[in-house]
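> Quick one, fold the following:
(3 chains)
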Amino acid sequence: MTLDSINFWLAIIATVAFAVTAVLAIADRGVDIFGVLVLGVITAVGGGTVRDIILDVPIFWANDLVFVRVAAFASLLAFLARKFFTQPQIFALMIYLDGLGAALFGMNGALKTWELDFAWPLGPVILGVITAIGGGIIRDVMVGRKTLIMSTEVYAIPVLLGSVLMIALMHFFPDHKGAVLVFCTLFSFSMRAAAIHWDWQMPAVLVTKSRKSWSD
Amino acid sequence: MTLDSINFWLAIIATVAFAVTAVLAIADRGVDIFGVLVLGVITAVGGGTVRDIILDVPIFWANDLVFVRVAAFASLLAFLARKFFTQPQIFALMIYLDGLGAALFGMNGALKTWELDFAWPLGPVILGVITAIGGGIIRDVMVGRKTLIMSTEVYAIPVLLGSVLMIALMHFFPDHKGAVLVFCTLFSFSMRAAAIHWDWQMPAVLVTKSRKSWSD
Amino acid sequence: MTLDSINFWLAIIATVAFAVTAVLAIADRGVDIFGVLVLGVITAVGGGTVRDIILDVPIFWANDLVFVRVAAFASLLAFLARKFFTQPQIFALMIYLDGLGAALFGMNGALKTWELDFAWPLGPVILGVITAIGGGIIRDVMVGRKTLIMSTEVYAIPVLLGSVLMIALMHFFPDHKGAVLVFCTLFSFSMRAAAIHWDWQMPAVLVTKSRKSWSD
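Numbers count the residues shown, from 1 in each chain, chains lettered A, B, ... in the order given. Coordinates of the predicted model:
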């Protein structure tokens, strides 16, 4: 298998994970099947859509609907098989795959931005993070959930650091795009996996003191 | 009257209905006249704006401000004449006109997307739905209301099914655009009108069980 | 100093004020340093980003990251020096500078839209207001705060009136762009400063009666 095809199949798996975890995250709110479909698809492709609007390039799903189809299918599957996916081990697997997805989408987003030479060096970092977490934020806003940005979970930081690492490595090894992509994705995913495994939270000194609680 | 001029005048009526129902929906929150203006206009033109950004074509109101003007005027009118519009019969009429607007905006959005050959076949369906409900969702998010997507009302489904019907009919009758547009709009509106009249809700089997209630 | 360089340095000050007031506004919610960074930058550059997407021109920060850098730096500074910035006099200064920023960003946004001849005459007014308040609205939505649009504070009205004044003056004095920009910015800021100083609220007759309160 070539790097491109590995990247493609990993992105398919990541899309499934994003859609499934999205559905599981909102299932306790009384959402109908149409809402599930919309929110699952938005979570999976929303970040890349915002990225492409900012880059002013054609939306990535416009010329190939496979990611929309996969996200729609996975959302419906997650709706129908909620009991299966909420089993502790399956759910845990999904959380790790979602982390893989964030790393993969983030690094691919950063690389795409780098290749378009958009707002170097901060552009690839900003749009890498938007690619990874934008869809989930739109979902949470539409659902009325506390968004990721208000959580102290270590979720976006691995994408941020992975993107920074990527622009540094691409600067020194511009001819080894594939290797840099793989390395940064593994780096970002490893950090997220560690954060899941050990339940890392941001240290209190890096968090403002809360005097208001979210109604959630 | 030609089909284009009928379509135009129906769109004007729909714009009024969108703006008026928007103002009535948020009036119980203590919104000032500036907020009323902004939210009425966003509800009426927001969905088409998001559609045109995704299509990467000029925003539909940029070259002809008539829809913005009508929405602004209708919003101010609804603010001043809240008592008139909240009379049961007038309010019911507005709800039906709002349903006509959703059908009309949705089908015109789907057709525009089809004509641009954008992401066929799912593109016209996705952007038809966004055209119809996007503005209302942005309004609800800005107001802090429960969005349409979290409701089990049958509101977006008629637009979704109408858009699917449209791409099917356009496939077989590409030379009868006008007839297809009229037929799908009537189909979509009829379904929405039935949903209003008989207060259809999504059947419980198609809704996840709620364990959290929205603070609203 | 030329007008352009004065405009530039004022925009830098305004960016700092937007980022700092953003951080102070959300600090009581328990946000981590990543959230602070994201929300500070979005508040400062979000409105201009939405404006440029609607105008379909390159995002203003893509070719010059100085505003993103300044916003990021100011956000981190505000996070670290929260105690300093929440002193009554410093905080009051920040509120006035934020008002200067809204006037400045709004008038520059209206002027940019006017120069592109986009949707004259409402386009410059709409996009002037979006430039000034768009970033703050995105921030509040992501944070789950009551948005500006639901407040009866006199914040957006000075930008709206300043933009209207600008298109009127540009119509009559198309050759005096600089003077018009300065005059409208001063007009808009003066009105906002008066609103802060005397705590102006929209008169009750221009506000719908609230029957629901925001959970905030």
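
> Contact residues of chain A facing chain C?
Residues of chain A lying close to chain C (C-beta under 8 Å from any C-beta of the partner chain) are A:53-54, A:56, A:118-119, A:122-123, A:126, A:129, A:137, A:141, A:146-147, A:149-150, A:152, A:156-157, A:160, A:202, A:206-212, A:214-215. Where C-beta positions appear, they are placed from N, C-alpha and C, glycine not excepted.

> Can I get the buried part of the residues you listed as one ChimeraX selection?
Burial among the residues of chain A next to chain C is assessed by 16 or more other C-beta atoms under 10 Å in any protein chain shown; the matching ChimeraX selection reads:
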select /A:53,54,56,118,119,122,123,126,129,137,141,146,147,149,150,152,156,157,160,202,207,208,214
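
> Now name the helix or strand holding A:N108.
helix A:88-115 (DSSP states H and E).

> actually A:A78, not the one I typed
Going by DSSP H and E, A:A78 is in helix A:66-80.

> For that helix, name the packing helices and strands.
Applying 3 or more C-beta pairs under 8 Å, 6 or more residues apart in numbering or on different chains; DSSP states H and E, one finds that helix A:66-80 contacts helix A:3-26, helix A:33-55, helix B:122-143.

> Which strands or helices does the longest one pack on?
The contact analysis (3+ C-beta pairs under 8 Å, 6+ apart) places helix A:3-26 against helix A:33-55, helix A:66-80, helix A:82-85, helix A:88-115, helix A:122-143, helix A:177-197.

> Provide the secondary structure category for the closest residue to chain C within chain A.
In chain A, the residue that lies nearest chain C is A:S210 (2.9 Å; C-beta to the nearest C-beta). What DSSP: H, G, I helix; E, B strand; the rest coil gives for A:S210 is coil.

> Identify the residue spatially nearest to it, adjacent ones excluded.
Spatial nearest neighbour of A:S210, chain neighbours left out: C:G30 (2.9 Å); criterion: C-beta to C-beta, 6 or more residues apart in numbering or on different chains.

> Assess the claim that the one you found and A:I149 are in contact.
No: if you go by C-beta atoms under 8 Å, C:G30 and A:I149 don't touch, sitting 11.6 Å apart.

> residues from chain A in reach of chain B?
A:26-36, A:38-39, A:49, A:53, A:56, A:58-59, A:61-63, A:65, A:68-69, A:79, A:82, A:141-144, A:215-216.

> in chain A, what spans have low per-residue confidence?
Across chain A, the ranges flagged by pLDDT under 70 are A:1, A:212-216.

> got the contact list for the residue in chain A positioned nearest to chain B?
Distance from chain B to each residue of chain A (C-beta to the nearest C-beta) is smallest for A:G30, at 2.9 Å. Neighbour list for A:G30: B:M150, B:T152, B:V207, B:T208, B:K209, B:S210 [criterion: C-beta atoms under 8 Å, 6 or more residues apart in numbering or on different chains].

> count of neighbours near the nearest residue to the fourth one once chain neighbours are set aside?
Closest residue in space to B:T208, ignoring its immediate chain neighbours: A:A27 at 4.4 Å, by C-beta to C-beta, 6+ apart. A total of 19 residues lie near A:A27 under the criterion other C-beta atoms under 10 Å in any protein chain shown.

> swap in A:V57?
Neighbour number of A:V57 under other C-beta under 10 Å is 15.

> Spatially nearest residue to it (excluding sequence neighbours)?
A:V57's closest residue in space is A:L116 (C-beta to C-beta, 6+ apart), at 7.0 Å.

> Touching, that neighbour and A:I54? I think so.
No: counting by C-beta under 8 Å, A:I54 is not a contact partner of A:L116; they are 10.7 Å apart.

> correct me, but A:G35 touches B:M150?
Yes: A:G35 lies in contact with B:M150 (C-beta under 8 Å); the separation is 6.4 Å.

> ok, back up a step: tell me, how many residues neighbour the residue nearest to A:V57?
16.

> repeat for A:K83
8.

> mind listing what it touches?
Contacts of A:K83 by C-beta under 8 Å, 6+ apart: none found.

> again with A:I196
A:I196 sits next to A:I95, A:Y96, A:G99 when contact means C-beta under 8 Å, 6+ apart.

> circling back to that earlier point, now the helix holding A:A78 against helix B:122-143, angle please.
60 degrees (axes from the mean of the first three to the mean of the last three C-alpha atoms, to 10 degrees).

> now helix A:66-80: how far from the chain's centre is it?
Remark: helix A:66-80 is offset 16 Å from the chain centroid, using C-alpha atoms, centre = their mean, to the nearest Å.

> what residues does it touch?
By C-beta under 8 Å, 6+ apart, the residues outside helix A:66-80 that reach it are A:11-12, A:15-16, A:18-20, A:22-24, A:27, A:33, A:36-37, A:39-41, A:43-45, A:60-61, A:85, B:119, B:122, B:126, B:208.

> Please check the residues you listed and keep the buried ones.
A:11, A:15-16, A:18-20, A:22-24, A:27, A:33, A:36-37, A:39-41, A:43-45, A:60-61, A:85, B:119, B:122, B:126, B:208.

> one step back: possible to save the helices and strands packed on helix A:3-26 as CSV with distance to B:A110?
As requested, these are arranged in CSV below (distance: least, C-beta to C-beta, whole Å):
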stretch, distance to B:A110
helix A:33-55, 16
helix A:66-80, 16
helix A:82-85, 31
helix A:88-115, 28
helix A:122-143, 21
helix A:177-197, 37
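
> Please name whichever of these is nearest to C:F183.
helix A:33-55 (33.2 Å; C-beta to C-beta).

> Return the residues in contact with A:L186.
A:A103.

> Any idea how many residues pack against A:N63?
A:N63 has 9 neighbours, counted by other C-beta under 10 Å.

> dump the residue contacts of it.
A:N63 sits next to B:A119 when contact means C-beta under 8 Å, 6+ apart.

> repeat that with 10 Å
For A:N63, the contacting residues are B:F118, B:A119, by C-beta atoms under 10 Å, 6 or more residues apart in numbering or on different chains.

> ok, now A:G123?
A:54-55, A:110, A:113-114, A:116-117, A:163, A:167, C:59, C:61-62, C:65, C:68.

> do A:G48 as well
A:11, A:59-61, A:67, A:105, A:108-109, A:112, A:127, A:130-132, A:134-135.

> Equivalent analysis for A:D140, please.
Taking C-beta under 10 Å, 6+ apart, one finds A:22, A:25-26, A:39, A:43, A:133, A:146-151, A:216, C:142, C:144 in contact with A:D140.

> returning to what we had before: helices or strands next to the helix holding A:N108 in the packing?
Identification of packing neighbours for helix A:88-115 by 3 or more C-beta pairs under 10 Å, 6 or more residues apart in numbering or on different chains; DSSP states H and E yields helix A:3-26, helix A:33-55, helix A:82-85, helix A:122-143, helix A:157-172, helix A:177-197.

> Figure out how far that helix is from the centre of its chain.
5 Å.

> Stretch A:62-76 now?
For stretch A:62-76, the distance to the chain centre is 15 Å (C-alpha atoms, centre = their mean).

> mind listing what's buried in that stretch?
A:A62, A:L65, A:F67, A:V68, A:V70, A:A71, A:A72, A:F73, A:A74, A:S75, A:L76.

> Would you mind checking which of those residues is nearest to C:Q89?
Set against C:Q89, the nearest of those by C-beta to C-beta is A:A71 (51.9 Å).

> For the closest one, which non-adjacent residue is closest in space?
Nearest to A:A71 is A:A44, by C-beta to C-beta, 6+ apart, at 3.7 Å.

> so what's that neighbour up against?
A:11, A:14-22, A:61, A:67-68, A:70-72, A:74-75, A:101, A:105, A:135-136, A:139.

> out of everything not next to it in sequence, what's closest to A:I54?
Counting by C-beta to C-beta, 6+ apart, C:I59 is the residue found nearest to A:I54 once chain neighbours are left out, at 5.9 Å.

> Report how many residues lie close to that neighbour.
By other C-beta under 10 Å, the residues close to C:I59 number 21.

> so it touches A:R51, yeah?
No: using C-beta atoms under 10 Å, C:I59 is not in contact with A:R51; the gap is 11.7 Å.

> coming back round to it: so can I have CSV of the helices and strands packed on helix A:66-80 showing distance to C:A179?
Output for these, formatted as CSV (distance: least, C-beta to C-beta, whole Å):
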stretch, distance to C:A179
helix A:3-26, 53
helix A:33-55, 34
helix B:122-143, 35
